[in-house]
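*Asks:* Got a predicted structure here, sequence first:
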Amino acid sequence: MKKLSLLSYQKLAKYNIMSYYKLNAISQAAGRLQQRKQSVKRGIKTKSPFVQKPFLVNCYGFKINGCLLSIPYKPRQPVHILLNEHTQKTLSDPALKVNSFSMSQNSLGLCISKQVESIKPENVVGIDMNLRNVTVGNNDKVVFFKTNKLLSIKENTIRARAGFKRSDHKMKRRFFQKFNQRMQHRTKKFIHKISMQIVEKAKQNKSAIVFENLKGIRKLYRKGNGQGNKYRRRLNGWQYYELQHQV
């Protein structure tokens, strides 16, 4: 980070932007270099780091003024962005602290932190993830969550994409992107309901949450393993890590 700053900060002087954004640009670049080093260390072939879409990240000089996010543009000339009701309600919690914001052409994200009390676990609850259900429990109690709806969402998206018959590749890409985004949104929303219940029950019972290790499971469903296309499509489209990520 220090070496990259010494090499590049003077070159960024030709750009008429505030120093806040120069420092954050160097920080973002250092992060991508670190990711590339880790990939090379693991033996993964990687390309030179690049940014495909423009975005803005800053952790200096911004303020939350009620319903407005004020970000620095020029000295004493901030830009004000109106926050929606959900964001205002979330930030009304005095225990929350906004650390930074990230902005793209169509979205704005706030990075927040919160001081919480640690819970010393007295029990353990295990989670078994399957294609059609999620099993949560221990020796005392077991709860099943059905996930058949996730398969329906996936299959409906595949059928909708198959209905596109035009030979326009640009329109086809937009059409597929629209349905993929809708599928991801619906899937995450459905899993979010399950993850919330798991965490709430674990907090009430002071239980530690244990997941099974499914690393490398995709290798079991590759082409040539003697499995049908429909079966492999279901298993390879199984978002087993999303629940763990949300919890």
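*Replies:* Thanks, I have it.

*Asks:* what's the lowest-mean-pLDDT helix or strand in the chain in contact with?
*Replies:* Least confident helix or strand, the chain: helix 229-236 with a mean of 75, by mean pLDDT, DSSP states H and E. Residues outside helix 229-236 that contact it (CB atoms under 8 Å, 6 or more residues apart in numbering) are 131, 151, 154, 158, 218, 220, 221, 222, 223, 225. For glycine as for every other residue, the C-beta is placed from the backbone atoms N, C-alpha and C.

*Asks:* For those residues, pick the one with the most neighbours.
*Replies:* residue 154 (18 neighbours; other CB atoms under 10 Å).

*Asks:* helices or strands up against whichever helix or strand that one is part of?
*Replies:* For residue 154, the host element (DSSP states H and E) is helix 148-162. Applying 3 or more CB pairs under 8 Å, 6 or more residues apart in numbering; DSSP states H and E, one finds that helix 148-162 contacts helix 169-205, helix 229-236.

*Asks:* try 7 Å
*Replies:* Counting contacts by 3 or more CB pairs under 7 Å, 6 or more residues apart in numbering; DSSP states H and E, helix 148-162 is packed against helix 169-205.

*Asks:* Quick one: mean pLDDT for the helix it packs on?
*Replies:* What helix 169-205 shows for mean pLDDT is 91.

*Asks:* what's the angle between that helix and helix 148-162?
*Replies:* 170 degrees (axes from the mean of the first three to the mean of the last three CA atoms, to 10 degrees).

*Asks:* Figure out how far helix 169-205 is from the centre of its chain.
*Replies:* Between the centre of helix 169-205 and the centre of its chain there are 11 Å (CA atoms, centre = their mean, to the nearest Å).
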